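Enquirer: Sequence and predicted model, in that order:
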Amino acid sequence: ISVQYTLKKAQSNVQPVYGAQHPPLDPRLRRTYPKDIKPKFNNLKSKKASSFHEFARSTNDAWDIDDEEDEDFLGTHAPISSLPSAQNLQDAQEEDTDCEHVNGKVVKSSSDAHLNASSVRSTLQKQHTLPVRPIIPLVARISDQNASGAPPMTVREKNRLDKFKQLLASPNTDLEELRKHSWSGIPREVRPITWRLLSGYLPANKERRELVLKRKREEYFGFIEQYYHSRTDEHYKDTYRQIHIDIPRTNPLIPLFQQPVVQEVFERILFIWAIRHPASGYVQGINDLVTPFFVVFLSEFVTEDVENFDVAALPLDTQRNIEADSFWCMSKLLDGIQDNYTFAQPGIQNKVKALEELVSRIDEDIHNHFKKYEVEYLQFAFRWMNNLLMRELPLRCTIRLWDTYQAEAEGFSHFHLYVCAAFLIEWRKEILSMVDFQGLLMLLQNLPTIHWGNEEVGLLLAEAYRLKYMFADAPSHYKR
């Protein structure tokens, strides 16, 4: 997981990589280099860590920044100061341009002040020879989006939406039936209420829901009044400092998450969760897990593109309700995977080991290829487990993936393992074509999923389900 951090120290012209939700390295960019000029990688392959603790210390955080930049965050409360790569900027500008045509305006993020417009234009002009790719907004029209755009609702989709509405309108929602229908994706219109139900935040009884919402929202803001002022206390200041540093890195190319009001919401949610869960406290990566809930609950009140919406324009009560619901649903998720974030992160260690064993059974060629070039699963799969593939997939794909995770028994803990195995096998051809350690690590940490949509996620989930069916209840197949 430390290849970007290592590369940053080894070669200053290699930019940090934040995952495929922020456009990954495009293979086509490599063709723009003259044949006789290739990036050099020095000392990329460091001495193996003899223990998980040494590994954790050596990497610290896969997306960390320099100490000097840490101080900048605390001093200015500004978004991440390191500029994205040229391709990131191109994709971001393309998406913003698309939004302007749709909405007539774009809500400017606080990070705009840090981008020099002329240098961006100059960089983009140099990239004008790249093939034109279809533009897909990162968040908007998630539920009915595929790799080629957002088609009108089909008769089948309308029937599915009607079925969801019927289930949700019944006096006591049949949660098993709701899970069965949600497995293959939840329509955008009913996703907020369905997520609240499937996460266990809302009761199945329709009459009780308003009272539960009112009580839980008041309880959350009671925590804010009781604890949030202590963020500067000696005991909690390190926790708050780390949260404060990490939040600007959360989806840095989506304007929504660079708004000060949104970053303050995330700070409160993460700080309150951390002090209420002292066994783990705040761990880098948990910040990502707030974003799908926040976007889904925000979409209940927004008809235009969510990624450019000015949250401050919403009534204060609405903002507070979105914040409280995001906190409780994220808490429900983390209750099931908290061993991922306790001391030494044993849950992640076990899951990475399980992935290695599983891949050795389902695709021996890939497994032996990793062994040949001394690629450790921990070097790429740690992030997959720590962030639930959020750094590898666009946000719209994560939201679709979570429809299934919430419908599947132990989706975030058990089923996620099979999704990771299916995701790895998806890139079989590319993996086997790489014949060096550096190339394999660069590929595995920059998989080209930026234009993925519902279709690709659906195929990934189908393959994961097949693997689970074959291996989950067959120990002799699962292990050698």
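Expert: All right, it came through fine.
Enquirer: Every contact and neighbour count from this point should use C-alpha atoms.
Expert: OK.
Enquirer: For residue 338, which non-adjacent residue is closest in space?
Expert: Once flanking residues are discounted, residue 338 sits nearest to residue 280: 7.4 Å by CA to CA, 6 or more residues apart in numbering.
Enquirer: Spit out the contact partners of that neighbour.
Expert: Residue 280 sits next to 274, 338, 341, 342, 343 when contact means CA atoms under 8 Å, 6 or more residues apart in numbering.
Enquirer: In three-state terms, how would the fourth one be classified?
Expert: Here residue 342 takes the coil state, with states given by DSSP: H, G, I helix; E, B strand; the rest coil.
Enquirer: Run a quick neighbour tally on it.
Expert: 18 (other CA atoms under 10 Å).
Enquirer: what sits against it?
Expert: Residue 342 touches 279, 280, 281, counting by CA under 8 Å, 6+ apart.
Enquirer: rewinding a little: with respect to residue 391, which of the contacts of residue 280 is nearest?
Expert: Closest approach to residue 391 among the contacts of residue 280 (CA to CA): residue 341, at 17.1 Å.
Enquirer: what number of residues lie near that closest one?
Expert: The burial count for residue 341: 21, using other CA under 10 Å.
Enquirer: Now do the contacts for the nearest residue to residue 434 once chain neighbours are set aside.
Expert: Leaving aside its chain neighbours, residue 434 sits nearest to residue 440 (5.8 Å; criterion: CA to CA, 6+ apart). Applying CA under 8 Å, 6+ apart to residue 440 gives the contacts 375, 431, 434.
Enquirer: Kindly report the same for residue 227.
Expert: Residue 227 neighbours (CA under 8 Å, 6+ apart): residue 272.
Enquirer: That one sits in which helix or strand?
Expert: Element membership for residue 227 (DSSP states H and E) is helix 209-227.
Enquirer: How about stretch 333-343, which residues are buried there?
Expert: 333, 334, 337, 338, 339, 340, 341, 342 (16 or more other CA atoms under 10 Å).
Enquirer: how about the residues you listed in CSV, adding pLDDT and distance to residue 185?
Expert: Listed next are the buried residues of stretch 333-343 as CSV, based on pLDDT from 0 to 100; distance: CA to CA, whole Å:
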residue, pLDDT, distance to residue 185
333, 96, 18
334, 95, 22
337, 94, 22
338, 89, 26
339, 91, 28
340, 92, 26
341, 92, 28
342, 90, 31
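Enquirer: Pass me the low-pLDDT residue ranges in this structure, would you?
Expert: 1-152, 473-480 (pLDDT under 70).
Enquirer: Pop the domain breakdown of it in here.
Expert: 1-64+339-480, 155-238+261-296+311-338 (automatic domain parsing).
Enquirer: what would those domains look like in JSON lines with distance to residue 249?
Expert: JSON lines is the format used below for the domains of the chain (distance: least, CA to CA, whole Å):
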{"stretch": "domain 1-64+339-480", "distance to residue 249": "8"}
{"stretch": "domain 155-238+261-296+311-338", "distance to residue 249": "9"}
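Enquirer: if we can go back for a sec, show me just the buried residues among the contacts of residue 440.
Expert: Buried among the contacts of residue 440 (16+ other CA under 10 Å): 375, 431, 434.
Enquirer: Where helices are concerned, which of these count?
Expert: Those of the buried ones among the contacts of residue 440 mapping onto helices are residue 431, per DSSP state H.
Enquirer: out of the contacts of residue 280, who's nearest residue 405?
Expert: residue 338 (16.1 Å).
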